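Colleague: Here's my sequence, what's the structure:
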Amino acid sequence: MGWSSWDADGFTIDEAAFKANASVLAQIKAHGWQYAIIDEGWYTKNPSGADLNAREYQLDEHSLLIPALNRFPSATNSTGLRSLADWIQRQGLKLGIHIVRGIPRAAVRENLPVAGSSFRATDAAEIAATCPWDDGNYGVRDNAAGQAYYDSMFKPYAAWKIDFVKVDCISNAPNRPTEIRQIATAIRCAGRPMVLSLSPGPTEISHADEVARHAQMWRISNDIWDGWPFEHKEPGVDFPTGIAAAFDNLALWAPHARPGHGPDAGMLPIGMLAPKPGWGEPRASRLTFDEQRTQFVLWAIARSPLILGSNLTELDELTRSLITNQGLIEMNQGAWTSHPAAGLPAGDENVRVWVGIADPFPKR
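Modeller: Numbers count the residues shown, from 1 in each chain. Coordinates of the predicted model:
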């Protein structure tokens with residue numbers, strides 16, 4: 001349970017806006033909300049740049065991403081986001097970040113050394129394995145150099161006190177099972193537990209056991225946005241994905257949800273999506289309150305991770321009442337079984353019934 005900056009701020013989140021949202025999240029932490037996540041682009045000096053060069057990735061001498069100091073002034077090149085993590089912990093929260101899988105192209109072009117090893121960037125890079133929608137990285141080879149690169153990446157994240165890492169362009173088809181395994185291995189070696197979130201989807205159901213072995217959450221659809229549903233003119237296009245698609249997706253994945261490992265139905269695009277959302281114009285969610293409530297109830301009873309996407313500094317009372325509904329939260333966090341009801345009368349495919357059972361006895 002937490003909040004991510006993507007739906008409200010896209011690439012543009014900075015330290016001041018992040019702290020402002022985290023401060024509101026801290027006000028509702030008693031309901032279970034705990035992860036504050038800096039989404040994509042915290043390492044770019046100019047996040048609104050039109051291309052890779054204009055965005056100005058910030059790298060250290062070992063080809064590792066570091067915070068853009070013009071946007072995160074409490075960071076340093078040597079301690080990264082450690083100061084921000086300390087501040088987050090004082091609020092009673094945990095800090096998360098977003099990365100795109102792979103190794104920066106600039107690191108490969110300059111053939112920078114891989115920290116803590118005798119390898120260099122070209123030894124670790126798989127040039128053909130680029131991300132279709134992000135031009136920042138090459139893939140990472142399934143070899144000792146590739147593992148050394150990911151080990152060198154997650155060791156400083158542990159020193160920064162990072163608790164959650166969302167890895168993008170890794171779970172949808174064709175997914176990158178070798179990089180998922182390498183990242184999970186790197187986290188174990190880093191010496192600090194971190195939630196591993198795989199994005200985007202849809203993750204193929206044939207990979208269910210594999211992703212559950214390595215990650216705590218994995219996306220089961222493309223990005224969910226504020227529509228019900230979205231009409232796509234081209235066949236096979238699933239971005240953006242509407243709320244209606246989640247009913248079938250969650251039903252398919254229900255047998256694979258278990259404590260500590262959950263199919264992720266996507267972020268919750270409720271409330272205010274501004275000042276610069278990751279898709280579309282700044283706006284209040286186009287979902288009606290009934291649609292927002294239906295989404296939240298479905299996510300809760302189906303045991304999906306709950307990641308808020310709204311600008312929490314503009315949290316309205318209806319949204320606040322929804323995300324602090326303790327009964328729904330206890331079902332999401334405590335249900336030991338949840339599944340669609342079987343054997344319903346035929347006739348209306350728009351009627352769905354879910355059954356969830358939570359422990360009726362309070363925890364001591």
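Colleague: Give me the local confidence score for residue 361.
Modeller: pLDDT for residue 361: 54.
Colleague: again with residue 150
Modeller: 98.
Colleague: That one touches residue 188, doesn't it?
Modeller: No: contact criterion Cβ atoms under 8 Å: residue 150 and residue 188 do not qualify, at 11.1 Å. C-betas here are computed from N, CA, C, even on glycine.
Colleague: Could you check which of those two is surrounded by more residues?
Modeller: residue 150 (25 against 14; other Cβ atoms under 10 Å).
Colleague: Show me the helices in the stretch 251-364 of the chain, by range?
Modeller: 289-301, 317-323, 326-334 (DSSP state H, counting those that start in this stretch).
Colleague: which of these is buried the deepest?
Modeller: A comparison of these by mean neighbour count, using mean count of other Cβ atoms under 10 Å, puts helix 289-301 on top with a mean of 19.
Colleague: hang on, the earlier thing: want to throw the helices of the stretch 251-364 of the chain into a markdown table with distance to residue 246 and mean pLDDT?
Modeller: Listed next are those as a markdown table, based on distance: least, Cβ to Cβ, whole Å; pLDDT from 0 to 100:
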| stretch | distance to residue 246 | mean pLDDT |
| --- | --- | --- |
| helix 289-301 | 6 | 96 |
| helix 317-323 | 16 | 96 |
| helix 326-334 | 14 | 94 |
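Colleague: Can you lay out those helices as TSV showing distance to residue 154?
Modeller: Below are those laid out as TSV (distance: least, Cβ to Cβ, whole Å):
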stretch	distance to residue 154
helix 289-301	29
helix 317-323	31
helix 326-334	27
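Colleague: Quick one: closest of those to residue 205.
Modeller: Distance to residue 205, taken as Cβ to Cβ, is lowest for helix 289-301 among the helices of the stretch 251-364 of the chain, at 18.8 Å.
Colleague: Next, the angle helix 326-334 makes with the closest one.
Modeller: 30 degrees (axes from the mean of the first three to the mean of the last three Cα atoms, to 10 degrees).
Colleague: For helix 289-301, what is the distance to the chain centroid?
Modeller: 19 Å (Cα atoms, centre = their mean, to the nearest Å).
Colleague: same for that helix, what does it pack against?
Modeller: Using 3 or more Cβ pairs under 8 Å, 6 or more residues apart in numbering; DSSP states H and E, the elements in contact with helix 289-301 are helix 245-253, helix 317-323, helix 326-334, strand 354-358.
Colleague: coming back round to it: which stretch among the helices of the stretch 251-364 of the chain comes nearest residue 271?
Modeller: helix 317-323 (4.3 Å).
Colleague: same for the closest one, what does it pack against?
Modeller: Counting contacts by 3+ Cβ pairs under 8 Å, 6+ apart, helix 317-323 packs against helix 289-301.
Colleague: can you redo the helices and strands packed on helix 289-301 as TSV with distance to residue 160?
Modeller: What follows is the helices and strands packed on helix 289-301, written out as TSV (distance: least, Cβ to Cβ, whole Å):
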stretch	distance to residue 160
helix 245-253	32
helix 317-323	28
helix 326-334	27
strand 354-358	35
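Colleague: of the ones you listed, which approaches residue 295 most closely?
Modeller: Evaluated over these, closeness to residue 295 peaks at helix 245-253, with 7.4 Å, by Cβ to Cβ.
Colleague: Taking helix 289-301 as reference, get the angle to the closest one.
Modeller: Between helix 245-253 and helix 289-301, the angle comes out at 10 degrees (the same axes, to 10 degrees).
Colleague: list the helices and strands helix 245-253 packs on?
Modeller: Short answer (3+ Cβ pairs under 8 Å, 6+ apart): helix 245-253 packs on strand 262-264, helix 289-301.
Colleague: Contact partners for residue 132?
Modeller: Neighbouring residues of residue 132 by Cβ atoms under 8 Å, 6 or more residues apart in numbering: residue 169.
Colleague: Next, give phi and psi for it.
Modeller: Main-chain torsions, residue 132, degrees, to the nearest 10: phi -60, psi -30.
Colleague: For residue 141, see how far away it is.
Modeller: 19 Å (Cβ to Cβ, to the nearest Å).
Colleague: Please apply the same query to residue 127.
Modeller: Taking Cβ to Cβ, one finds residue 127 at 10 Å from residue 141.
Colleague: okay, these two: which has more neighbours?
Modeller: Shown here are residue 127 and residue 141; by other Cβ under 10 Å, residue 141 has more neighbours (21 against 11).
Colleague: Report the contact partners of residue 123.
Modeller: 114, 141, 143, 145.
Colleague: Same question for residue 58.
Modeller: Counting by Cβ under 8 Å, 6+ apart, residue 58 touches 43-45, 65-69.
Colleague: just the buried members of these?
Modeller: 43-44, 65-68 (16 or more other Cβ atoms under 10 Å).
Colleague: so, if you compare the residues you listed, which one comes nearest to residue 237?
Modeller: Nearest member of the buried ones among the contacts of residue 58 to residue 237, counting by Cβ to Cβ, is residue 44, at 27.3 Å.
Colleague: my read: that closest one touches residue 11, true?
Modeller: Yes: Residue 44 is in contact with residue 11 according to Cβ under 8 Å; the separation is 6.9 Å.
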